[in-house]
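**Q** let me see the structure of the following:
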Amino acid sequence: MPLVTVADILPLLTPTGAAVVLGGAAGLDREVTWPVPARPTPPIFHTPKAGELALAAAATLQHLDPPPDLSALIAWLAEHQAAGLVLRGPLAPNAQAAAVAAAERYALPLLLVGDATVLPDLERAITTLLRERRDLFQERVAQLQEVQFHLAQTTPGDSGVGLATLVATLATLTGGSAALTGSPPTLALRYVRDALTAPPPSLQKKGAYEESRERPVPSSNAEHRTQNAEFAKRWPPLAAQVYASWQASDGWREVRASEPPVLLLRDELGSLLVAPVLVRDRPAAALLLAASEPPAVVDRMTLARAAGICALELARGQAVAVAETRTEQRLRGEFLTDLLHHPVGAADAPLRARAAALGLDLAPAYAVALLTLAPPGDSALSDDVQPGRLEAVAAMLPASAREVGALVGVVGGQLAALWPLREVGWADRPPDPPAGLLRLAEELRGELAQRGVPVAGGVGRVYGGLGGAARSRAEAADALWAAWQLFGGGCVCRWSDLGLYRLLLPLRAGHAADLRAFYEDTLGPLAAPIVAAGDAKLLDTLDAYLAHGGNSSATAAALYLHRNTLTYRLRRIRVVSGLDLDDPAVRLRVQVALAARRLL
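**A** I've put the predicted structure just below:
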C-alpha cells in the first residue's frame, strides 16, 4: 500500500496554478517515492527509479538540441516504473496530443501546471509531504509496536484488555473512532473507542499524537458516547457488505496477515475503513476505522498494521486455548485411566485431590462400559487407526450423558464410559447398570459402526466407592470378550446376562490350566485327533443336543440332519466318550465343559 500517491500530490499543485491531469488518470494511485527535477542539459533525467516523479518545464525542454519527444519520454518513464510526469506549460497542441496518447497508453499520469508554478518550490513541497508522511507513519508504527510488546507480556486471559487498548490506541493515533468486531458471519462489535480514549501510560509520550489528529475530536464525554452510539448504529448494515465481500474472496492464502487488504465503505455518515483480522488464512474478526474524507493513505496503512497485531494476538489466544484444552483432555484421560484401575482399599485421597483440581465431582458409585472396534488382542486394525476413531467418538459425548457427569475416553485401546450414580441403596448384591449407561453404550456403538467396522461392547454392574469403578471395569472387560467371542460382535453385552460364563470367565485369566484340564477330562476323547478325523461334527452335535434340552427332533431340525443321522452321532458320542447323557449330573458336567471349550 503506497504511503503517498500521485493523487496526494495534486493538492500541492493548485496553490500555484490550476493543475490539469492531461492523461494517464488510471495511474493516479501510483506510489510517489521522491521528486526528480529535469536537468538543463541532456540527458534531462538520470535513469529513474520506481516511484520517482519527474518534474520539467515544457519551454526548457523545447530549447534543448534536439528537443525530446514527449511521447517517447513518457514511454521511457513508464518502462522504468516512474510515478508520473509533471510539466509546467504551455504545450504545443500537436506535442500535447501525442503526449496524452502515450500517457493513456501506459497509464502514466501526465500533469500540467501553470506558468506561475515554481518547480523548485514544488519539489520542496513534495519532499516535505513525503518526509512528513513517512515520519508520521513510522511514529504510528512505533506506538503500535509498543502496544504489541505489552500484549506479548500479558497472559492470554487478559487478551481482551490488550485488544481494547490496541483499539483505543488506533483511535487516538488516527483521530477517528475505531472498533474491533467478533467473528464472522455476524461481525458483532466488541470494542468501540474514539480519539478521546487515552492511550496506556506507557505510550503517553509528549507530542506523540499531536500530528496524527487530522480532524477535531469530540470535546465532551456526551459527544464521545454519541459518536460510539452512531458507530454501533451504522455498522450492522455495513457488516453484511463486508461479510459478502469476504465470502466472494477465495485468495486469502495469498494475503499476509500483517498486510491485510483494506475495504473502503461509505454511507451517509462518511467513510469507514475495514481490515480483516486473518488467523489461519481466514478472517477471524474485522478492525474498523471511521476515516476522514477523503480517507488518508496513512490511516489505511495504520489500520492494516493494527489489524496485523490483532491477528497475532488472536492467534496466540487460540493457540493457548487449544493447548489448554489438549492439556485438560490429557489430564482427564489420565485420571479416567487411574480411576478405572484404582484397586479397592487403596488410598483415595490423591485421586480425590486430582478430581477436585480438574473440577470433577466424584460419585458414591460407578458403572462402566467398554467398546472396541475389534476383538481384544486382534490386530486387524492398526494401533494408529483404532485410537483415532475411538477418540473422535469420545469427543461426541451426548448432552444427556454430560449432564449426569459421565466421562468417556480411550483407555488401553478401548473406549471407556464411566457412569456415576449419586444415589445408592443396595445391600445384598450390586445392581445392574443403569438404563442411561446402556443407552450411551448403544449410541457410542452406533457412532463407531457408522464408520463401516463391526463394534462390540461390554457393561459391568454398579459398585460403590472409588474402587467400584475398577470392579465394574473388570466385569465390563469380561462382557466385552463374551460379546466378541460368544456372540460374534455387533452387540453390547451385559455382564449380568452371561449366565454360567460369569463363573468361568474369571477362571480363564487366573486358572486357565485347571479349566483346560476339566475340559479334556470330560470331552477330551471326542476331540482326539483320530476321532476328529472321522467324526468332526460330534462336539457340535453334542452342544446342539444339550442346548435343545435333549430333544432329538428339535436338534435334528436345527442341524438340518435326518433323525437317523442324529441318532447315529449320539450313539457314537456315548461309545467314544463313555458319557451317559441320560444322567442329569453328567449333562451338567458336559454343559460346563462345552462352555469351557469356548473360553480356551
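**Q** which element follows the worst-scoring helix or strand of the chain on mean pLDDT toward the C-terminus?
**A** The helix or strand of the chain with the poorest confidence is helix 529-534; it has a mean of 49 (mean pLDDT, DSSP states H and E). Counting by DSSP states H and E, the next helix or strand C-terminal to helix 529-534 is helix 538-547.
**Q** which residues of the stretch 101-250 of the chain fall in strands?
**A** Ranges of strands in the stretch 101-250 of the chain, per DSSP state E, counting those that start in this stretch, are 110-113, 178-181, 189-193.
**Q** switch those over to a markdown table; also include distance to residue 564.
**A** The way it works is simple: take the backbone N, C-alpha and C, and place the C-beta from them, glycine included. A markdown table is the format used below for the strands of the stretch 101-250 of the chain (distance: least, CB to CB, whole Å):
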| stretch | distance to residue 564 |
| --- | --- |
| strand 110-113 | 114 |
| strand 178-181 | 87 |
| strand 189-193 | 87 |
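**Q** out of these, the one nearest residue 139 is which?
**A** strand 178-181 (17.3 Å; CB to CB).
**Q** and that closest one, average pLDDT?
**A** Averaged across strand 178-181, the pLDDT comes to 90.
**Q** what sits against residue 457?
**A** By CB atoms under 8 Å, 6 or more residues apart in numbering, the contact list for residue 457 reads 369-372, 441-442, 444-445, 479-480, 483, 491-493.
**Q** what about 7 Å?
**A** 369-371, 441, 445, 480, 483, 492 (CB atoms under 7 Å, 6 or more residues apart in numbering).
**Q** swap in residue 86?
**A** Contacts of residue 86 by CB under 7 Å, 6+ apart are 53-55, 111, 113.
**Q** make it 10 Å
**A** Residue 86 is in contact with 6, 9, 12-13, 19, 35, 37-38, 53-57, 109-113, 117, 119, 122-123, 126, counting by CB atoms under 10 Å, 6 or more residues apart in numbering.
**Q** hmm, back to that, so which of the contacts of residue 457 are in helices?
**A** 441, 445, 480, 483 (DSSP state H).
**Q** coming back round to it: how about JSON lines for the strands of the stretch 101-250 of the chain, with mean neighbour count added?
**A** Listed next are the strands of the stretch 101-250 of the chain as JSON lines, based on neighbours: other CB atoms under 10 Å:
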{"stretch": "strand 110-113", "mean neighbour count": "24"}
{"stretch": "strand 178-181", "mean neighbour count": "24"}
{"stretch": "strand 189-193", "mean neighbour count": "19"}
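**Q** closest to residue 248 out of those strands?
**A** strand 178-181 (18.6 Å).
**Q** that closest one pairs with which strands, parallel or anti?
**A** Using DSSP bridges, the strands paired with strand 178-181 are strand 189-193 (antiparallel), strand 282-291 (antiparallel).
**Q** report the distance from it to the chain centre.
**A** 23 Å (CA atoms, centre = their mean, to the nearest Å).
**Q** how about stretch 300-310?
**A** On CA atoms, centre = their mean, the centre of stretch 300-310 falls 23 Å from that of its chain.
**Q** what of stretch 482-497?
**A** Its chain's C-alpha centre lies 38 Å from the corresponding centre of stretch 482-497 when counted by CA atoms, centre = their mean.
**Q** buried set for it?
**A** With burial defined by 16 or more other CB atoms under 10 Å, the residues of stretch 482-497 counted as buried are 482-484, 489, 491-496.
**Q** flag whichever of those scores worst on pLDDT.
**A** Lowest pLDDT among those: residue 489, 83.
**Q** shaky segments in the stretch 1-150 of the chain?
**A** 1, 14-18, 65 (pLDDT under 70).
**Q** ok, 80 please
**A** For the stretch 1-150 of the chain, applying pLDDT under 80 flags the ranges 1-2, 13-19, 40-42, 62-67, 89, 116, 150.
**Q** swap in the stretch 251-400 of the chain?
**A** 251-254, 269, 291-295, 316-332, 344-345, 357-358, 376-389, 391-392, 394-400.
**Q** what are the ranges of the strands in it?
**A** 263-267, 270-279, 282-291, 365-372.
**Q** what packs against the shortest one?
**A** In other words, strand 263-267. Judged by 3 or more CB pairs under 10 Å, 6 or more residues apart in numbering; DSSP states H and E, strand 263-267 is in contact with helix 221-248, strand 270-279, strand 282-291.
**Q** just the angle between the second one and strand 263-267, please?
**A** Looking back up the chat, that one is strand 270-279. 150 degrees (axes from the mean of the first three to the mean of the last three CA atoms, to 10 degrees).
**Q** which other helices and strands contact strand 270-279?
**A** strand 178-181, helix 221-248, strand 263-267, strand 282-291, helix 297-340.
**Q** and these as a markdown table, adding distance to residue 419?
**A** Output for those, formatted as a markdown table (distance: least, CB to CB, whole Å):
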| stretch | distance to residue 419 |
| --- | --- |
| strand 178-181 | 43 |
| helix 221-248 | 44 |
| strand 263-267 | 53 |
| strand 282-291 | 38 |
| helix 297-340 | 12 |
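**Q** you'd agree residue 555 is up against residue 562?
**A** No. The criterion here is CB atoms under 10 Å, and residue 555 misses it with residue 562 at 11.8 Å.
**Q** returning to that earlier point: just the buried ones from the contacts of residue 457?
**A** Looks like the contacts of residue 457 have 369-371, 441, 445, 480, 483, 492 buried, using 16+ other CB under 10 Å.
**Q** need phi/psi at residue 461.
**A** Dihedral pair for residue 461: phi -80, psi 180, per degrees, to the nearest 10.
**Q** tally of neighbours for the residue nearest to residue 151 when sequence neighbours are not counted?
**A** Distances taken as CB to CB, 6 or more residues apart in numbering put residue 162 closest to residue 151, at 4.2 Å, once the chain neighbours are dropped. Neighbourhood size, residue 162 [other CB atoms under 10 Å]: 24.
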